[in-house]
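>>> Okay, predicted coordinates and the sequence, questions at the end:
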Amino acid sequence: MQLTQKHQEYWGKNLQITGILLFIWFVVTFVVTFFARDLQFNFFGWPFAFYMAAQGSLIIYVFIIWYYARYMNKLDIEYDVHEGEED
Amino acid sequence: MAAPAQGTGIFAASSQRAFYAQIKKVYAFYTGGFLLFIAALAILEQLGLPKNWIGYLFLFATIGLYAGIGVMSRTSDATEYYVAGRRVPALFNGMATGADWMSAASFIGMAGTLYLLGYNGLAFIIGWTGGYVLVALLLAPYLRKFGQFTIPDFLGARYGGNIPRLIGLLAAILCSFTYVVAQIYGVGIITARLTGVPMELGVFLGLAGILVCSFLGGMRAVTWTQVAQYIILIIAYMIPVVWLSVKQTGIPLPQFVYGKVLERVSAREAELTKDPKELQVRDIFKQRAATAAAQLKDVEKSYADGKAELAAAVAKAEADNAAPDVVDAAKKALAAFPSDAATAKALWAKESQLAKRANPPIHHAEPFPGKDEAARDVSRRNFLALVFCLMIGTAALPHILMRYYTTPSVQQARQSVFWSLFFIFLLYFTAPALAVLVKYNVYTHLVGTAYAAIPQWVASWQKVDPALLSIIDVNRDGIVQLAEIAIGGDIVVLATPEIAGLPYVISGLVAAGGLAAALSTADGLLLTIANALSHDFYYKMLDPSASTTRRVTVSKALLLVVAVFAAIIAAQKPADILFLVSAAFSFAAASFFPALVLGIFWKRANKWGAIFGMLAGLGITFYYMATTQPWLRSVFGVTTPVQDHIWWGIASISAGLWGVPLGFAVIIVVSLLTPAPDRETQDMVEHVRYPNLAGDTINTVGT
């Protein structure tokens, strides 16, 4: 099967958004946590590091997944690789 | 839940939409009905219904409900049985995944772990949610496009041949089985608590509830039951927390206001750390532990000396013609002395553990506590390693990945991961709030109370199980000190309704929620194991010409065998059950994650790379655990000092930290040293990368 230029572009864009979102995921999870002891300023009543681990990073994870689904589902239509009307 | 319409087109579109609308209506009614059921029970309780009746009603009503859904969803169609007909809408698949994911450990244990560990416990919160980012970005949509029945299916098709499939199915069984034993154990404990039957019997009662559902309808029944179970467990978790929050802060949204409570907890910690009475109690523990440790150095001698000393005291009291009560006291002390050296050793070993209770309270909000910079570094390293293993493990556990085969399309699979994490998030961002609220209650209301005025819930739970809660007036001042309270994590969730002053019906509801969490996870896991054996082993490897009916029948029979086997092991109350569950994450991470991700994102990955990569990942993870985990060390007879085997200070629970990178490295190196996969395999990789590819003739969808 021969992939068209458009298909290559679609996959490239997919890799790009996946990379960006994984980078955010990595920073939120590992970089922020690594410096947790230095990030103790007050954040709406919580110490910032505690807030990030207990709620902040979770909210960002939910947002990352929501954004990815939205972005990709639009990209599918834009590049005409979406599935038939199933839903 | 009629048979699905296959294929696409106008008819399928309208039927799927109608199906979605109908399911939404059914579960809306169901939720309303369940709330009415709780209200009715609450009224009956006020009218004098005995407590154990409330327990029975909850148990039989919920298990009966799950069984009813199971019977309604019975099927012998392979697509229905293995992947619920691939018509589960994203929202409901999200709920089902939530229930599948959240086990008894999440529901009952999580808040308690956070209570005991403070910030360091948050590794579980981050790890068990952040893993879904990897599921969403790297796996779910591609697995859905691939569209077969199991995870070994993908390994078999992508890497060719039966060896990758076989390794995959063995790894799937290894991680799912240890996990399911823990769930069935949890089911037994909760059933026993709700009804008062012995735990061993509870295991088999709960097993009946699990089987009637998954046995008849496979994935289809499990999916729709899990949705029902999610609704029960989230209601059961939220009601007591919200009420407790209203009582303590006046605001019914604990998640948004507990920052203030945390501040007060931290202030109280500082007070209690230097409170003279607390210091006194901790000092008593320190001395008792030191005495026991000294006695343990030479058990035989300390035993003989101790006994001789007491005997001498009796003889002296008698010789001195002391008052009768003095003689009696001396005799009693002698009688209470252990009968032999072995008993004494066990007793002293237990006493020496009291050293832990001599420590000041932990600082709840402090990340990576430690006595010096080096200890804090090791603590941080282990925190990050645990987060890593839990995340990668989450993204590799077959019973979770399998759920994304059940959505109608790739688009819905993507949305479904969002709903999954959203529903999991609701519980996980509440648990840290609950831990802080309960801690505040204990630190301010319980500590400092006179023993004569101890709250009712403390007294009753102390009777139920001293391992959950025990308070002894160590310094005999008649006042409760924090150091005098020994607490087991599970009490936090179990006792919240009583701490918040709610009626017993809510305690019953919490137990029913815990049961729903354990049953739903057990269902998903059992199905994974049975499918690995029946689909991957029997159908794909032994008898590829087997008819659909025969495959489903074999699967049901195996499900029964595996379930009974798991229940028998659970009834033995295996010792290191928590360790086994955590080990499942490291094993899943090391065996599946590299092979699955490279299989999708790197066309050059080939059969031999995958085989050696999976084996190397599993092997090193297993080796690290076997040489560093106390129980496994005794099983394998490892006698060399643990320090020789610990790498970089990483605890055995995070052994996957070594397995995952090694797995990736081996797959890449071996693949590059051996020929590239054939054209057909490479086309298959293209096939899974695009939801719909013009001119694509490959069809991997299983039937």
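On my side now, so go ahead.
>>> From now on I want contacts and neighbour counts done on CA atoms only, so please keep to that.
Fine.
>>> so the residue nearest to the spatial centre of chain B, which of the three states?
Closest residue to the average C-alpha location of chain B: B:A105 at 3.4 Å, with C-alpha atoms, centre = their mean. Following DSSP: H, G, I helix; E, B strand; the rest coil, the label given to B:A105 is helix.
>>> and the gap between it and B:V688?
35 Å (C-alpha to C-alpha, to the nearest Å).
>>> now do B:A304
For B:A304 relative to B:V688 (C-alpha to C-alpha), the value is 74 Å.
>>> the more surrounded of those two?
Using other C-alpha atoms under 10 Å in any protein chain shown as the criterion, B:A304 and B:V688 rank with B:V688 on top: 22 against 12.
>>> what about the nearest residue in space to B:I424 that is not next to it in sequence, which helix or strand?
If the residues on either side of it in the chain are set aside, B:I424 comes closest to B:G98, at 5.3 Å by C-alpha to C-alpha, 6 or more residues apart in numbering or on different chains. Assigned by DSSP states H and E, B:G98 belongs to helix B:90-101.
>>> if you average pLDDT over that helix, what comes out?
Helix B:90-101 comes out with an average pLDDT of 94.
>>> what does it contact?
B:223-227, B:229-230, B:399-400, B:403-404, B:406-407, B:412-413, B:415-424, B:516-517, B:520-524 (C-alpha atoms under 8 Å, 6 or more residues apart in numbering or on different chains).
>>> again with stretch B:387-399
For stretch B:387-399, using C-alpha under 8 Å, 6+ apart, the contacting residues are B:100, B:123-124, B:126-132, B:134-135, B:139, B:150-151, B:172, B:175-176, B:400-401, B:524-525, B:527-528, B:584-590, B:592-593, B:654-657.
>>> One more pass at 7 Å, please.
B:123-124, B:126-128, B:130-132, B:134-135, B:151, B:172, B:524-525, B:528, B:585-586, B:588-589, B:592-593, B:654, B:656-657 (C-alpha atoms under 7 Å, 6 or more residues apart in numbering or on different chains).
>>> Check stretch B:529-543 too.
Contacts of stretch B:529-543 (C-alpha under 7 Å, 6+ apart): B:152-153, B:169, B:173, B:176, B:546, B:551, B:554-555, B:558-559.
>>> so where's the stretch 601-703 of chain B shaky on pLDDT?
B:703 (pLDDT under 70).
>>> Identify the residue of it closest to chain A, quick one.
Minimum separation of the stretch 601-703 of chain B from chain A (C-alpha to the nearest C-alpha) falls at B:N692, amounting to 4.6 Å.
>>> average model confidence for the next helix or strand after the helix holding B:G98?
Using DSSP H and E, the next helix or strand after helix B:90-101 towards the C-terminus is helix B:104. In this model, helix B:104 has a mean pLDDT of 83.
>>> Tabulate the CA atom coordinates of stretch B:128-140 in PDB.
The C-alpha trace of stretch B:128-140 is given here as PDB (Å, rounded to 0.1, in the frame of the first residue of the first chain):
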ATOM      1  CA  TRP B 128      -2.400   5.800  38.800                       C
ATOM      2  CA  THR B 129      -3.800   8.800  36.900                       C
ATOM      3  CA  GLY B 130      -0.900   9.900  34.800                       C
ATOM      4  CA  GLY B 131      -0.600   6.500  33.300                       C
ATOM      5  CA  TYR B 132      -3.800   7.300  31.300                       C
ATOM      6  CA  VAL B 133      -2.000  10.000  29.400                       C
ATOM      7  CA  LEU B 134       0.200   7.200  28.000                       C
ATOM      8  CA  VAL B 135      -2.800   5.000  27.300                       C
ATOM      9  CA  ALA B 136      -4.500   7.900  25.400                       C
ATOM     10  CA  LEU B 137      -1.500   9.100  23.400                       C
ATOM     11  CA  LEU B 138       0.400   5.900  22.700                       C
ATOM     12  CA  LEU B 139      -2.000   2.900  22.800                       C
ATOM     13  CA  ALA B 140      -5.800   3.200  22.900                       C
END
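>>> For the chain, just list every one of the strands.
In the absence of a named chain, chain A is used. In chain A, the strands defined using DSSP state E lie at A:42-43, A:46-47.
>>> other chain: chain B
So, for chain B - with DSSP E - the strands run B:469-471, B:485-487.
>>> what would these look like in a markdown table with distance to chain A, mean pLDDT and mean neighbour count?
Formatted as a markdown table, the strands of chain B follow (distance: least, C-alpha to the nearest C-alpha, whole Å; pLDDT from 0 to 100; neighbours: other C-alpha atoms under 10 Å in any protein chain shown):
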| stretch | distance to chain A | mean pLDDT | mean neighbour count |
| --- | --- | --- | --- |
| strand B:469-471 | 26 | 88 | 19 |
| strand B:485-487 | 22 | 88 | 17 |
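>>> Great, nothing more from me.
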